[in-house]
Structure formats: C-alpha cells, structure tokens
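# attaching a predicted model along with its sequence, questions to come.
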Amino acid sequence: MPTSLDAIAFLHAPGAILDVRSPAEYARGHIPGAANLPLFSDEERAQVGICYKHQGRDAAVELGLAIAGPKLAALVAAAKQLAPDRVVRVHCWRGGMRSGSVAWLLETAGFQVTTLTLGYKGFRRWAQACCTTPRPMILLGGMTGTGKTDSLQAIARRGEPMLDLEHLASHRGSSFGSLGLPAQPSNEQFENRMAIALQQLPPDRPVWIEAESRRIGLCRIPHELFEQMLRAPMIQVERSRAERVAILVAVYQVAPIADLIAATERLHKRLGGQRTQTAVAHLQSDRLPEACEVILDYYDHTYAHALKRHLGPVYTVDVTGLSADDSAALILDTASTLWRS
C-alpha cells in the first residue's frame, strides 16, 4: 500500500513526481519538476464532473473506470519512461481517486509509490504559507542598470541565502523585461517556484532579495511578502550613468530591434510622445546606447518615486568601477558593519 506524506516530506521523498491531473490543471500550476501523467484528458475530466453533478458519485466512478480502463497499459509504459528505477511520487488534486487509482496500478506493476496527503491542493496551502511566513531579509536596491542581478548572484556564490524573484518570474521587471527570456509562468506557478526556493534556504538567516515593484511582468509578489519587503532594510547600489548604459547595452544588444521598439512604444504614455519617438529613432538607427540614455530618464524617475514609499532604512553603496564579485564583497561588508552597529 502506498505511503502518504505531507507536502514537505513528499518533496524530500525519492522518486519522480507524477501529476495525474488533466493537462489544463497541470498547466495552471504544478509542483516544480513534476511530470504530467494524466489519468483523464481535459474533456474526459469534464465528462466525469458533469456525470457526478447530475447522476451522483457511483455513476461518475463507473464512467471514470470505463474511460481509464483502456489506458492502463499505456500509463504503466509512460511511468516506466519517466521513472526507470520504478520509484515514484504520485498526486492528483485532493489526494483522492485519481492518485489512488494510479498508485494502485503502479504498485501492481512493481513500482514503489508514495502519494501526497491532500494532493496538489495541500501542496498549494503549504506553498502559500511558505511565501507569506515572515523571515529576515535584506533588499538590494538601485536604479536600472546598476547590475543588481549580477551582484545578487555573486552574493549567493559567497554562500548567502538569496531569492531571485526575477529568475522565478522569468522577467526583469520592466517593459523590456521579457526580452530573451522564456515565457512567464502563471502567477500560481510563480508562487510554487518561490515556495520551493524559499524552502531550500535557512529560515534563520537574512535572505537577499532584489527590490521590486508588486508586479514582475505578469507575476504578482504575494501581498504579505511584499509588505515585508517594504519594511526590510535596503542597501542601494549606485553606478555612474555611463556604466549603467553599458550594462543595459550588454543585456539587450542581442534582442531583435523590432522587440526593443515594441517595448519602447509600450512606454509611450509614461515616457511621452517626443521622447518615445526619439528613442525609437535611435533604435532604428542601431544606436542602442543613445536609446538607453533617453529611456533611463523615465526609469530613474520611477525608481525615485518608488524609493519614497519604502518604509525600511536605506543605505547607499557606490559600486562604480567594480565587478559583480567586488560589488558583492563591498555590499556584504557594508551589511555586516550595519548589523554590528
């Protein structure tokens, strides 16, 4: 008989994670790293649900068995491909009949099976709690182009806990933030990724996080976490304007000009008609540095406005001329000095 584990124990158990919900359920959000092994297609799941609503549980179970029966051999074959060692973790939405049926099938076929107590619904409760539980944190702030992301990664390489929200959201947090990156996850999946990342960090040490707005592209930072960020101490990095432009050019010079123009035009209302036209003209003439100069005026104003709303203490560090590793060393030294005082 399969062992049933709560979310944390399930995540740390051995074996491939098999999500037996329908493809649409999986697409909305899933445990990071889980493979979709649907017992029912989206249409079949809808049929069973309608049957349950109008004819009751027994009729729905019979329909589900009739639909699933011809698929059993194929499900086992697919599971063997996904888990050659035949050690699996299986879950559905609520830890009910779908995961129970597949778990029984796979055990019969010689698999070692673990199931998730309360299913994906239970995992979501755990994930949301993980994202909103207070923990010590330090923000890394600074205007666009100051190299915050590279500095954060260097801080992490030095062994400090770090939560990379932009990586988890697959977006850099500006109109240009999606260029060259994979499609953004759903907001639900963003929270799932965040929970897994936080769970891997020590709870008693400050987590380094880049200062962000409430939204990173289409993804929303959970309200409770964002409120913690607003009150957290911030170390703000500064660089020369020339270095900031150079950093932005290095990031975006590989993007297609058409995409850069489209991102610039999305700023039309906030950048203003004349400055938008000027920036687009620079892009059309392959003058990315000049375009960045124009656009930085808007982002600098936006950052200054956001900084006024920050409720925690702000300390400034000038990293002009420094590499990401040297910036990280200076930032960490500044942080340790502040905490000692």
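Right, received. Where do you want to start?

# okay, CA-based contacts and neighbour counts for the rest of this
Fine.

# strands along the chain, start to end?
Under the criterion DSSP state E, the chain contains strands at 3-5, 16-19, 35-36, 87-91, 112-116, 137-142, 162-163, 207-210, 215-216, 219-220, 234-238, 314-318.

# show me the one of those that comes nearest residue 61.
Each of these has some distance to residue 61 by Cα to Cα; the shortest is strand 87-91, at 18.1 Å.

# by how many degrees do that closest one and strand 112-116 diverge?
Angle, strand 87-91 to strand 112-116, by axes from the mean of the first three to the mean of the last three Cα atoms, to 10 degrees: 30 degrees.

# what pLDDT does residue 41 get?
On pLDDT, residue 41 comes in at 87.

# ok, it touching residue 22?
Yes - Residue 41 lies in contact with residue 22 (Cα atoms under 8 Å); the separation is 5.4 Å.

# for these two, indicate the residue with more neighbours.
Neighbour comparison, residue 41 and residue 22: the larger count goes to residue 22, with 21 against 14 (by other Cα atoms under 10 Å).

# domain assignment for the chain?
Listed domain ranges for the chain are 3-128, 133-340 (source: automatic domain parsing).

# what is the burial count for residue 265?
Neighbours of residue 265 under the rule other Cα under 10 Å: 19.

# could you find the closest non-adjacent residue to it?
The shortest distance from residue 265 to any non-neighbouring residue, by Cα to Cα, 6 or more residues apart in numbering, is to residue 276 (6.5 Å).

# same deal with residue 311?
That would be residue 231: by Cα to Cα, 6+ apart, it lies 4.8 Å from residue 311.

# wait, what's in contact with the one you found?
310-313 (Cα atoms under 8 Å, 6 or more residues apart in numbering).

# just the buried ones from the residues you listed?
When the contacts of residue 231 are checked for burial by 16 or more other Cα atoms under 10 Å, the buried set is residue 310.

# so which of the contacts of residue 231 is the closest to residue 14?
Of all these, residue 312 has the smallest distance to residue 14: 41.7 Å, by Cα to Cα.

# who's in contact with that closest one?
Residue 312 touches 230-234, counting by Cα under 8 Å, 6+ apart.

# among the residues you listed, which are located in helices?
230-231 (DSSP state H).

# which of the contacts of residue 312 ranks first by neighbour count?
Tallying neighbours with other Cα under 10 Å puts residue 234 at the head of the contacts of residue 312, with 26 neighbours.

# got any ranges where the stretch 201-341 of the chain has weak pLDDT?
Along the stretch 201-341 of the chain, segments meeting pLDDT under 70 span 339-341.

# can you pull out the helices in it?
With DSSP state H, counting those that start in this stretch as the criterion, the stretch 201-341 of the chain has helices at 223-231, 241-252, 257-265, 268-271, 273-284, 288-308, 324-340.

# mind putting these into TSV with distance to residue 96?
Formatted as TSV, the helices of the stretch 201-341 of the chain follow (distance: least, Cα to Cα, whole Å):
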stretch	distance to residue 96
helix 223-231	31
helix 241-252	47
helix 257-265	46
helix 268-271	51
helix 273-284	55
helix 288-308	46
helix 324-340	49
